[in-house]
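Novice: just need the structure, nothing else, for what follows:
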Amino acid sequence: MASEDVSMTNTEEVDDFEAVSQSFVAWLQQHGTVISSSIELADLRRHGAGRGVLAKENIAEDEELFAVPRSSILTISTSNSPAEVKTQLDDPWLGLIAAMVYEYQRGSESMWKPYFAVLPVDFDTPMFWSDCELDSLRGSAVVDKIGKLSADTAFREQVIPVIRQHGTIFHADDRSDDDLISLCHRMGSTIMAYAFDLEKPSTTDPHDQEDGWEEDEEDSQSMSKGMIPLADMLNADANRNNAKLYYEEDKVVMKSIRAIKAGEEIFNDYGPLPTADVLRRYGYVTSNYAQTRYLNDEEVLDDSYDISRSCNGDTKPFSDELCIMLNALTLPVIEFEKLQRKSKLPRPALEPSSAALLSAILYQRQVFYKGTTNPDNGMRGDAGTTNDVTAEHRGTHRRNMAQQVIQGEQLVLVEALAMLKEIAAPTRGKRKAVEANTGNAGKKQKG
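Specialist: Residues are numbered from 1 along each chain as shown. The predicted structure follows:
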């Protein structure tokens with residue numbers, strides 16, 4: 001293609017991007033969303049962030065940024081799919097996926113068309129990685145959480161039969177099962193990255209962004225799930241979080257939680273997640289959550305415990321539950337029986353013998369990682385998103401994100417093992433056991 005043609009194409013793409021954004025904002029207002037004149041939906045692709053919301057002028061704390069009526073939230077109940085379709089899928093995830101497939105397939109006949117136009121088509125979540133790309137994540141527990149095979153089975157056995165039964169209204173008669181499964185994956189990943197748990201009206205903190213669209217055990221409370229237009233356009237940043245969503249009777253309201261200067265981006269926060277889970281759910285990695293990186297160790301009694309980095313002494317590296325469990329396992333039988341008779345548990349501070357046991361477990365965990373990359377070398381900053389990454393660069397980008405996940409988890413292991421070594425040392429174990437469970441480990445002492 002000639003250079004002038006490339007220039008023309010790029011201009012058309014920019015114009016189309018802005019036109020789609022403007023159409024989306026007009027659609028929001030047409031359906032009752034109230035948007036403050038202090039904010040705007042902006043093109044942040046140059047920052048690798050797609051769309052985002054910026055402050056046009058200074059915003060005070062506790063100022064309403066926008067309010068979305070519940071009728072504009074895309075849920076199973078607000079979808080225009082027939083009642084018989086809504087009742088055929090009991091699982092809330094599969095039900096919402098089917099509702100979104102229905103609305104998407106209707107095209108311009110659907111009231112949600114301008115909304116779908118701003119939602120992503122391609123994803124960098126591991127669900128869409130090739131086997132070669134997934135091999136870059138070898139050793140990380142996130143690989144076992146992807147669940148592509150079980151998702152395929154759920155779609156093929158539950159969702160596809162419903163679509164086929166109502167093929168005409170789903171406009172699916174000319175689509176193959178494989179096409180529909182791909183579309184289900186796309187909608188499922190959209191839900192994973194953008195959906196909210198729809199709490200009952202309250203002024204308490206909402207449980208933001210949903211975990212995985214494939215239902216996890218921690219997801220079992222089964223709140224109603226929905227896509228909240230505009231709220232999901234906010235990017236997330238733990239360190240710069242300046243807005244929060246509140247649930248009211250007939251609407252949801254985004255408010256500032258601190259003063260925001262003109263030109264600053266408005267950020268939501270999905271909470272402290274491991275880098276691996278950020279990648280799994282949202283398809284990118286970031287160093288902004290480095291202080292709350294966790295490693296799921298799934299080699300302990302068929303259960304999992306989080307091990308965290310103790311940054312500036314603010315975070316306990318080992319949970320009370322993990323310490324109690326290890327102390328119970330390493331107690332002499334006579335001592336354990338004494339506690340059992342008194343209906344008591346061991347104290348939640350690692351004993352030297354428990355530290356030695358956990359060290360052995362973590363050394364074994366290290367073996368699972370591919371290669372011998374030094375976790376202190378090559379740590380990248382924010383790997384960002386891939387809104388405009390070309391196909392030929394996507395594989396490299398995904399491997400870079402995998403490297404950041406693996407290096408982050410390895411660093412957690414290295415720091416944990418160093419602390420455990422001190423706890424297990426006879427002369428220092430007692431003091432370090434206390435520090436490990438009070439969050440004081442790592443603080444500088446005055447000389």
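Novice: show me what the lengthiest helix in the chain is packed up against.
Specialist: Secondary structure of the chain per DSSP state H: the longest helix is helix 391-424. Secondary-structure packing of helix 391-424 (3 or more Cβ pairs under 8 Å, 6 or more residues apart in numbering; DSSP states H and E): helix 131-134, helix 275-282, strand 294-300, strand 303-308, helix 352-367, helix 429-438. C-beta coordinates here come from the backbone N, C-alpha and C atoms, glycine included.
Novice: what's the end-to-end length of stretch 162-177?
Specialist: 12 Å (Cα to Cα, to the nearest Å).
Novice: er, stretch 26-36 I mean
Specialist: One end of stretch 26-36 sits 14 Å from the other (Cα to Cα).
Novice: likewise for stretch 251-262?
Specialist: End residues of stretch 251-262 are separated by 26 Å (Cα to Cα).
Novice: hmm, who's touching that stretch?
Specialist: 55-70, 73, 228, 230-231, 234, 241-246, 266 (Cβ atoms under 8 Å, 6 or more residues apart in numbering).
Novice: got a ChimeraX select line for the buried ones in those?
Specialist: The ChimeraX selection below is limited to those of the contacts of stretch 251-262 classed as buried (16 or more other Cβ atoms under 10 Å):
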select :55,59,63,65,66,67,68,70,73,228,230,231,234,241,242,243,244,245,246,266
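Novice: among the contacts of stretch 251-262, name the ones in strands.
Specialist: The strands, defined by DSSP state E, take in 55, 64, 65, 66, 67, 68, 69, 243, 244, 245, 246 from the contacts of stretch 251-262.
Novice: which residue, other than its chain neighbours, is closest to residue 196?
Specialist: residue 228 (5.3 Å; Cβ to Cβ, 6 or more residues apart in numbering).
Novice: list the contacts of that neighbour.
Specialist: Contacts of residue 228 by Cβ under 8 Å, 6+ apart are 68, 73, 196, 245, 252.
Novice: run through the residues that contact residue 97.
Specialist: Taking Cβ under 8 Å, 6+ apart, one finds 155, 159, 184, 187, 188, 191, 213 in contact with residue 97.
Novice: try 7 Å
Specialist: 159, 184, 187, 188, 191 (Cβ atoms under 7 Å, 6 or more residues apart in numbering).
Novice: got it, and residue 424?
Specialist: Residue 424 touches 352, 355, 356, 359, counting by Cβ under 7 Å, 6+ apart.
Novice: so which of these wins on neighbours?
Specialist: Highest neighbour count within the contacts of residue 424, by other Cβ atoms under 10 Å: residue 355, with 26 neighbours.
Novice: which two among the contacts of residue 228 are spaced furthest apart?
Specialist: Using Cβ to Cβ, those reach their maximum pairwise distance at 73 and 245, which is 11.4 Å.
Novice: coming back round to it: ok, the contacts of residue 424 vs residue 81, which is closest?
Specialist: Using Cβ to Cβ, the contacts of residue 424 come closest to residue 81 at residue 359, 54.5 Å.
Novice: could you list the low-pLDDT ranges of this structure?
Specialist: Scanning the chain for pLDDT under 70 picks out 1-15, 128, 141, 200-223, 271-305, 309-316, 333, 367, 370-392, 426-447.
Novice: how many neighbours does the closest residue to residue 20 other than its chain neighbours have?
Specialist: Excluding the flanking residues, the one nearest residue 20 by Cβ to Cβ, 6+ apart is residue 117, at 4.9 Å. Residue 117 sits with 14 neighbouring residues when counted by other Cβ under 10 Å.
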